[in-house]
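Colleague: no letters, just coordinates:
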Ligand SMILES: CC(C)=CCC/C(C)=C/CC/C(C)=C/C=C/C(C)=C/C=C/C=C(C)/C=C/C=C(C)/C=C/C=C(C)/C=C/CC(C)(C)O
Ligand SMILES: C[S@@+](CC[C@H](N)C(=O)[O-])C[C@H]1O[C@@H](n2cnc3c(N)ncnc32)[C@H](O)[C@@H]1O
């Protein structure tokens, strides 16, 4: 609820009083709210520990094992290679988070959220790579002050802070390209459901990774030609992917640096998927300018990425991606209104935000290349 500043100060004074907190927890009409707020605060306090429970489940392949059927904790202990008491500790923790499900006294099944994890292998890949993010985030104040020493993510995302990203070697791009391919499966369909490419003839995906997004688009619209542009070592992977998928006759991959090399011509729609938020404002603007040169008047630009302030997903944009990108050392999540302004400041008009199925995973904006 929006309150004027003076009332807000009064509310916060009341809420921070231990006496009020005790009273609200006992009073029948406020008890549910007091419990809910306590739980919300506890979840923030304990978030890292919950995450580590999930990390252990992923490392031990617990969800794959539970997918075989309900099993006793003793049997699971053998399969997980854990002492019986510690297997039970992990299983109870997982059950409390709905990753597993307790069946009677000592048997366990896959839980609802564990089942969702199994259906989206990209999430497990994210969980595993979080070891680097959490190492970097160990001292968030040092990061905010620009004084942090450990920078695992900065090394992982080899293009960040590099003067010549195009010279990044295959081994430097392989890790993040696979992570992006795994997690792209979660969002490609949502983006392509939000904006149909039926009326377009050629899609250029700028900084398109290993081509997972383009493969999804090309399979959905058999008339569509697709062009991928990314750093040479990444484009090489995309080329191999297109061949494996039997798309070599209408999919090409071009290697280069968006900031130095001209983008391929011929597309009537360009996409930037999870790209703008990687970059600080000047660089993000340069990416947009490059797309202006690649598009004819009337062509369309699609921007898809998680954005700041998404209703119902505020912490995902502002807390998760805000601090992830801080640790990475470049970029920030932007609210749709800022993305719109950046588009208008380059060469675009008719900017629209399109509804997506799962706005927590990605938002989509489309704009027209003005004359
Ligand atoms: C039928 C019965 C029994 C019940 C019905 C009830 C019902 C409808 C239940 C729902 C079941 C269902 C369909 C569940 C589906 C769940 C899904 C799809 C969950 C998806 C979760 C996705 C997650 C957790 C995604 C996480 C993504 C992360 C952490 C992404 C990180 C991305 C990064 C770090 C990107 C980096 C790139 C950079 C550098 C920023 O550019
Ligand atoms: C976060 S990934 C997104 C990949 C893909 N669009 C996706 O959503 O899965 C960012 C991509 O930008 C590429 N990239 C970064 N800087 C680049 C540059 N200067 N020129 C070309 N590609 C670049 C990276 O190689 C990487 O594939």
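Modeller: Received, thanks. None of these values were measured; they are calculated from a predicted model. Ligands and ions are numbered 1, 2, ... in the order given.

Colleague: now for the closest residue to residue 170 other than its chain neighbours, how many residues are close by?
Modeller: The shortest distance from residue 170 to any non-neighbouring residue, by Cβ to Cβ, 6 or more residues apart in numbering, is to residue 233 (4.7 Å). From N, CA and C alone the C-beta is placed, and that goes for glycine too. Neighbourhood size, residue 233 [other Cβ atoms under 10 Å]: 20.

Colleague: give the contact list for residue 233.
Modeller: 168-170, 172-173, 255 (Cβ atoms under 8 Å, 6 or more residues apart in numbering).

Colleague: turn those into a markdown table, columns for neighbour count, secondary structure and distance to residue 38.
Modeller: Output for these, formatted as a markdown table (neighbours: other Cβ atoms under 10 Å; DSSP: H, G, I helix; E, B strand; the rest coil; distance: Cβ to Cβ, whole Å):
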| residue | neighbour count | secondary structure | distance to residue 38 |
| --- | --- | --- | --- |
| 168 | 17 | coil | 48 |
| 169 | 10 | coil | 51 |
| 170 | 12 | helix | 50 |
| 172 | 19 | helix | 46 |
| 173 | 25 | helix | 45 |
| 255 | 17 | strand | 54 |
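
Colleague: from the contact counts, what lies against the helix or strand encompassing residue 77?
Modeller: According to DSSP states H and E, residue 77 maps onto helix 73-80. When contacts are defined as 3 or more Cβ pairs under 8 Å, 6 or more residues apart in numbering; DSSP states H and E, helix 73-80 sits against helix 62-66, helix 84-96, strand 107-110.

Colleague: where does this structure come near ligand 1, residue by residue?
Modeller: Taking Cβ under 6 Å from any ligand atom as the contact definition, the chain meets ligand 1 at 116, 120, 123, 126, 157, 183, 274, 277-278, 324-325, 328.

Colleague: swap in 8 Å and give it another go.
Modeller: For the chain, the contact set with ligand 1 under Cβ under 8 Å from any ligand atom comprises 112-113, 115-117, 119-120, 122-123, 126-127, 129-130, 133, 153, 157, 176, 179-180, 183, 186, 274-275, 277-278, 305-306, 320-321, 324-325, 328, 331, 358, 360-361.

Colleague: if we can go back for a sec, and the residue nearest to residue 170, how far from ligand 1?
Modeller: 17 Å (Cβ to the nearest ligand atom, to the nearest Å).

Colleague: quick one: that residue is in a helix?
Modeller: Yes: counting by DSSP: H, G, I helix; E, B strand; the rest coil, residue 233 is found in a helix.

Colleague: just the strands in the stretch 151-300 of the chain please.
Modeller: Applying DSSP state E, counting those that start in this stretch to the stretch 151-300 of the chain gives strands spanning 202-206, 225-230, 251-255, 269-273, 300-305.

Colleague: need the ones you listed in TSV (columns: distance to ligand 2).
Modeller: Shown next, in TSV, are the strands of the stretch 151-300 of the chain (distance: least, Cβ to the nearest ligand atom, whole Å):
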stretch	distance to ligand 2
strand 202-206	7
strand 225-230	5
strand 251-255	8
strand 269-273	4
strand 300-305	8
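
Colleague: show me just the buried residues among the residues of the chain next to ligand 1.
Modeller: 113, 115, 117, 122-123, 126-127, 129-130, 133, 153, 157, 176, 179-180, 183, 186, 274-275, 277-278, 305-306, 321, 324-325, 328, 331, 361 (16 or more other Cβ atoms under 10 Å).

Colleague: my read: residue 60 touches residue 80, true?
Modeller: Yes: using Cβ atoms under 8 Å, residue 60 is in contact with residue 80, at 4.9 Å.

Colleague: with neighbour numbers in mind, choose between the two.
Modeller: residue 80 (20 against 17).

Colleague: pLDDT value on that one, please?
Modeller: Per-residue confidence at residue 80 stands at 98 (pLDDT).

Colleague: quick one, what contacts it?
Modeller: With contact set as Cβ under 8 Å, 6+ apart, residue 80 has these partners: 60, 62, 65, 87, 90.

Colleague: how far away is it from ligand 1?
Modeller: 23 Å.

Colleague: that residue and residue 71, how far apart?
Modeller: Residue 80 sits 10 Å away from residue 71 when distances are taken as Cβ to Cβ, to the nearest Å.

Colleague: same check on residue 351?
Modeller: Distance from residue 351 to residue 71, counting by Cβ to Cβ: 53 Å.

Colleague: residue 357 now?
Modeller: Residue 357 is 34 Å from residue 71, by Cβ to Cβ.

Colleague: between these two, which is the more surrounded one?
Modeller: In this view residue 357 and residue 71 are compared by other Cβ under 10 Å, and residue 71 has more residues nearby, 19 against 12.
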